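Q: just coords:
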């Protein structure tokens, strides 16, 4: 995996990606930041979702080889205030790896991080197929 060198925090110019996010006409490219990896025979997806009530505001579903996380943050109106929080409904959908067992998905929400685990069955062995040659 490659990593990009980042400017020191004292830099006078903002990071290029942060500037791009700030000027993107439809909000940030992905309002829900995620990371995923395979660990101990399971596909693991972690999503940053701070300040939400997991039982009420977050939904996790899987269908047709995809995993979808949907979240909702409602804004409370206050007079003369500033907020950089993102409000409304947002979601992310990712493709599950081959062999993912969606009947055994588990999810845990702790300290603003949602962690979803999907067990992965051992991949099937490759099978050689004999080709019948037809004579004309």
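A: Yep, it's here. The structure presented is a predicted model; accordingly, all values stated were derived computationally and were not measured.

Q: which residue ranges form the helices in this protein?
A: Taking DSSP state H to define them, one finds helices in the chain at 16-23, 54-57.

Q: rank those by pLDDT, which is bottom?
A: Here the lowest mean pLDDT among the helices of the chain goes to helix 16-23, at a mean of 48.

Q: can you give me the strands for this protein?
A: For the chain, strands defined by DSSP state E occupy the ranges 34-39, 42-48, 58-63, 66-73, 88-95, 106-110, 113-119.

Q: which of the residues in the fifth one are classified as buried?
A: Read that as strand 88-95. 90, 92 (16 or more other Cβ atoms under 10 Å). In this view, the C-beta of every residue, glycine as well, is placed from N, C-alpha and C.

Q: with the fourth one instead?
A: Residues of strand 66-73 classed as buried under the neighbour-count rule (16+ other Cβ under 10 Å) are 67, 69, 71, 73.

Q: excluding chain neighbours, what is closest to the spatially most central residue of the chain?
A: By Cα atoms, centre = their mean, the chain has its centre lying nearest to residue 34, at 3.8 Å. Spatial nearest neighbour of residue 34, chain neighbours left out: residue 47 (4.7 Å); criterion: Cβ to Cβ, 6 or more residues apart in numbering.

Q: who touches the one you found in this structure?
A: 32, 33, 34, 69, 92, 113, 114, 116 (Cβ atoms under 8 Å, 6 or more residues apart in numbering).
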